[in-house]
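Engineer: Got a predicted structure here, sequence first:
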Amino acid sequence: AWAAACRANVNRMAEKIHEEPALVSRVLTKAYVEARDKAEAVGMAQMAADMEAQQMADTAAPIGTQAPPRITGTHEELLASPDLLDILVRVAGQYHMGNPQFLEALMLQNASVIAPPIPQREISHRGAIHLMLVGDHGTDKTGLLRMAEMMAPRVTVLDSVTFAGLVGTVEKVDGTYVMREGAAQKSDRTLMICDEFDKDMGRNRALDGALRKLLTHRPYARTLATGHVEFNARPAVLAAANPKGDLFNDGATLAAQINQPLGALSRCDGIFPMVQTGQRANAVMERMAQEWFEPEPLEATLTLADVRATFLALYTWLKGADVQRVAVPDGFKRAVLARLVEAQREINGVPIVAPRDLETAFRFIASSALLHARQREIRDGVLMAAERDLDVALGLLTHVIDVRGKMLEAAPRRVLAASPVDRAWAWVKGELDRAGEPGLDFQEIVQGLMRAHNLPQSTAYRWAARWIDTGALARDGRMNGTVRLA
């Protein structure tokens, strides 16, 4: 009896460490749970593997309110493009004037929906990316969430949910106990969109705890009078919230103004503040006025439906390629660690870089590798990350840490309103104004962005190329010719 009790304790500890077993949504009797706790470790591992295989069988199937997209040759060509991330960001930018860093993170988040766990010896960490928008009222956060919903092939929407609506209920039908699924069971391996997240988190303590479990990817277990309920919920969460009083104010720290528990905020891989300014409001209204009552876009123009079909094609391809995990070279790990150590500083005794940022960087690298999997090498189910994935991750990581520093400082609204792209563009305009005619060499601008704004080379190059593509800058016919203001 003592040996059986020890084995049961080891089994329960293994379940917590490995986030196993990956159970499907069902109701278990108490007798079954007691018998299961006495089972051998080998039997438990086999049951977990069988249920994980059953749960992963439909990973590539679309979920959500939109009709399943039709995958065409155009979408297959997009997957084969080495500039897939830039293309997707440009398509999304046609529909919303969001922060380009947020749009990049959003595309990586869609790729992370079916990302395998990130291993750390025997421990595994979640591979899905969590993002949060926090901003003034009127900054069209809901519009961004709606755009994300239209782009994601696997999506669940959390809208003013109650605790029972989140975790489900158990009902007795014809003498049999039946599980009525909640939003959490349906959210496994999907993009979960949560608008007004601050209101949901503050509704009651039980709902708060359930939402935090969603963010940590822990198996949800609940013992009821009728039995034991267990299920896995591993979504990539995209949340939006308002600051206290619905507006950011000068003179107070951003962290103090966010109506969220710090524990929930720390689980987000990226927080993107949105501050309304007169210039931004005018630009949004001008674009809306141009697009209002416009007919359907031309067939040659990529739409959000094409983005959705491209991601579905990616999920299908990854499933066929049987990608089990993403490998990150040791050199990449040292580069990430060096960037984190370099960015470390304390504000009022609080360090702005935490060990969890290392996990965030690896999630960004893995998601970028998954997004560009058609251009990456796969060895025995292991996807090899490339230098481009490291550059994308370092660029986003720098932005995340920069925002966190502003959260802990009493930054004025005008500082919060300027994104890294806005600051970089202001620097480029100033340099070109001082240089006059004929302008500056393209490579000089790229190198200057790298020095002045601590950007990776690929990020500086992509931003400069994007300004040329949008007509903000003019360049002569040569590949790396002279650049001037348009």
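Structural biologist: Yes, it's here.

Engineer: just the strands in the stretch 151-300 of the chain please.
Structural biologist: Using DSSP state E, counting those that start in this stretch, the strands of the stretch 151-300 of the chain run over 155-158, 169-173, 176-180, 191-194, 220-224, 227-231, 236-241, 270-274.

Engineer: Ignore what I typed, I meant the stretch 301-450 of the chain.
Structural biologist: Under DSSP E, counting those that start in this stretch, the stretch 301-450 of the chain gives strands at 325-327, 346-347, 350-351, 378-379, 382-384, 440-441.

Engineer: Tell me which of the ones you listed sits most buried.
Structural biologist: Comparing those by mean neighbour count (mean count of other C-beta atoms under 10 Å), strand 325-327 comes out on top with a mean of 19. Where C-beta positions appear, they are placed from N, C-alpha and C, glycine not excepted.

Engineer: still on that earlier bit, in TSV: the strands of the stretch 151-300 of the chain, plus mean pLDDT and mean neighbour count.
Structural biologist: Formatted as TSV, those follow (pLDDT from 0 to 100; neighbours: other C-beta atoms under 10 Å):
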stretch	mean pLDDT	mean neighbour count
strand 155-158	84	23
strand 169-173	72	12
strand 176-180	72	13
strand 191-194	88	27
strand 220-224	69	14
strand 227-231	70	20
strand 236-241	87	26
strand 270-274	83	24
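
Engineer: can you redo those strands as a markdown table with distance to residue 87?
Structural biologist: Formatted as a markdown table, the strands of the stretch 151-300 of the chain follow (distance: least, C-beta to C-beta, whole Å):
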| stretch | distance to residue 87 |
| --- | --- |
| strand 155-158 | 21 |
| strand 169-173 | 44 |
| strand 176-180 | 42 |
| strand 191-194 | 19 |
| strand 220-224 | 37 |
| strand 227-231 | 37 |
| strand 236-241 | 21 |
| strand 270-274 | 21 |
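
Engineer: what's the distance between residue 448 and residue 457?
Structural biologist: Going from residue 448 to residue 457 by C-beta to C-beta, to the nearest Å gives 12 Å.

Engineer: okay, the two: which has more neighbours?
Structural biologist: More neighbours surround residue 448 than the other of residue 448 and residue 457, with 18 against 13 (other C-beta atoms under 10 Å).

Engineer: pLDDT wise, what is the residue nearest to residue 108 when sequence neighbours are not counted at?
Structural biologist: Once flanking residues are discounted, residue 108 sits nearest to residue 367: 4.0 Å by C-beta to C-beta, 6 or more residues apart in numbering. On pLDDT, residue 367 comes in at 92.

Engineer: Next: the one 10 residues further on.
Structural biologist: The model reports residue 377 with a pLDDT of 90.

Engineer: so it touches residue 384, yeah?
Structural biologist: Yes: using C-beta atoms under 8 Å, residue 377 is in contact with residue 384, at 4.5 Å.

Engineer: would you list the strands of the stretch 301-450 of the chain in JSON lines and tack on distance to residue 191?
Structural biologist: As requested, the strands of the stretch 301-450 of the chain are arranged in JSON lines below (distance: least, C-beta to C-beta, whole Å):
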{"stretch": "strand 325-327", "distance to residue 191": "19"}
{"stretch": "strand 346-347", "distance to residue 191": "33"}
{"stretch": "strand 350-351", "distance to residue 191": "31"}
{"stretch": "strand 378-379", "distance to residue 191": "24"}
{"stretch": "strand 382-384", "distance to residue 191": "21"}
{"stretch": "strand 440-441", "distance to residue 191": "41"}
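
Engineer: Quick check: which of those strands is nearest to residue 237?
Structural biologist: Residue 237 sits nearest to strand 325-327 of all these, at 20.5 Å, using C-beta to C-beta.

Engineer: partners of the closest one, with directions?
Structural biologist: Strand 325-327 sits in its sheet next to strand 382-384 (parallel), going by DSSP bridges.

Engineer: Quick one: mean pLDDT for the partner strand?
Structural biologist: On average, strand 382-384 scores 91.

Engineer: which other residues reach that strand?
Structural biologist: 323, 324, 325, 326, 327, 329, 369, 370, 373, 376, 377, 378 (C-beta atoms under 8 Å, 6 or more residues apart in numbering).

Engineer: Out of the strands of the stretch 301-450 of the chain, which is closest to residue 286?
Structural biologist: For residue 286, the closest of the strands of the stretch 301-450 of the chain is strand 440-441, at 29.7 Å, according to C-beta to C-beta.

Engineer: Residue 486: which of the strands of the stretch 151-300 of the chain is closest?
Structural biologist: Closest among those, using C-beta to C-beta: strand 270-274, at 27.4 Å.

Engineer: Parallel or antiparallel, which strands does the closest one pair with?
Structural biologist: Each strand paired with strand 270-274, and its direction, by DSSP bridges: strand 131-135 (parallel).

Engineer: low-scoring stretches of the stretch 251-400 of the chain, by residue?
Structural biologist: Under the criterion pLDDT under 70, the flagged ranges of the stretch 251-400 of the chain are 251-252, 254-255, 259-264, 277, 279-281, 283-284, 287-288, 290-300.

Engineer: With that, I have no additional questions.
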